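Novice: based on what follows, work out the 3D shape:
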Amino acid sequence: MMADAFDISANPEVDLSQVPKLGELDFIGVSPAYRTQRLLQWALIQLVLALGILSPMILRAVSPSTELPEEMGTGILWVPLVVQLVLGGFWLLEEAFGFPRRGYVVRDRDITYRTGWFSRSTTTVPYGQIQHLELTQGPAARLFGLKHLKLYTAGGSGNLRIAGLDEEDAESLRGVLDTRTGKG
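Specialist: Residues are numbered from 1 along each chain as shown. Sure thing, here's the model as predicted:
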């Protein structure tokens, strides 16, 4: 009886050449308004960081009589500014080249979402693992008419967040997933 439990023929191999490639699927992209929102957030963060780094220079320019400690010379300020420019530039490249990869595909048994240019991520969640769904919309998303769909899975290790969906598309996708998961 014990030998039957380990019978290799009961668990045949899968021919990987017959499995469809995820890259061949037609992914549905997120809203272009989400790209605008992300670029505006990037610009705002870069501006705040630059003003923070350059604040001693700005203070000196506005009020020339202001004495700053010697260790706060203007030469040292270029180091964090260059670091910010490099990291901000890399972040901008990720937004520019990574955004077109953002997308999802709904299949018979699962949903797949992919992101990223430099650091790529593809997550597939089977419908049977989805515990519940949640639509969220923060103030910035509301301003752009966007919603985010969160899928919570059993065990929590495969949770998925699809950000930047048009409100109508988010509601429609949630309806499809509710039906497929038996939650609706």
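Novice: can you show me the CA trace of stretch 47-58 as PDB?
Specialist: The C-alpha trace of stretch 47-58 is given here as PDB (Å, rounded to 0.1, in the frame of the first residue of the first chain):
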ATOM      1  CA  LEU A  47      11.100  69.500  -5.800                       C
ATOM      2  CA  VAL A  48      10.700  69.100  -2.100                       C
ATOM      3  CA  LEU A  49      14.000  67.100  -1.800                       C
ATOM      4  CA  ALA A  50      15.900  69.700  -4.000                       C
ATOM      5  CA  LEU A  51      14.500  72.600  -1.900                       C
ATOM      6  CA  GLY A  52      15.500  70.800   1.300                       C
ATOM      7  CA  ILE A  53      19.000  70.100   0.100                       C
ATOM      8  CA  LEU A  54      19.500  73.600  -1.300                       C
ATOM      9  CA  SER A  55      17.800  75.400   1.600                       C
ATOM     10  CA  PRO A  56      21.100  76.700   3.000                       C
ATOM     11  CA  MET A  57      22.000  78.200  -0.400                       C
ATOM     12  CA  ILE A  58      18.500  79.700  -0.700                       C
END
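Novice: list the buried residues of that stretch.
Specialist: 49, 53-54, 56 (16 or more other Cβ atoms under 10 Å). Glycine gets a C-beta too; all of them are placed from N, C-alpha and C.
Novice: state the mean pLDDT of it.
Specialist: Summarised as a single mean, pLDDT over stretch 47-58 is 83.
Novice: same check on stretch 99-109?
Specialist: 93.
Novice: neighbouring contacts of it?
Specialist: 25-30, 34-35, 38, 111-117, 120, 126-128, 162, 164, 173, 176-177, 180 (Cβ atoms under 8 Å, 6 or more residues apart in numbering).
Novice: ok, of those, which come out buried?
Specialist: Neighbour counting over the contacts of stretch 99-109 (16+ other Cβ under 10 Å) leaves 27, 30, 34-35, 38, 111-115, 127, 162, 164, 173, 177, 180 as the buried ones.
Novice: wait, residue 161 sits on residue 153?
Specialist: No. Counting by Cβ atoms under 8 Å, residue 161 sits too far from residue 153 to count as a contact (11.6 Å).
Novice: among the two, which residue is more densely surrounded?
Specialist: Taking other Cβ atoms under 10 Å, residue 161 and residue 153 do not tie; residue 153 has more neighbours (16 against 13).
Novice: who's the more buried one bridged to?
Specialist: Taking DSSP bridges as the rule, residue 153 bridges to residue 130.
Novice: and it, what pLDDT?
Specialist: pLDDT at residue 153 comes out at 90.
Novice: many thanks, I have nothing further to ask.
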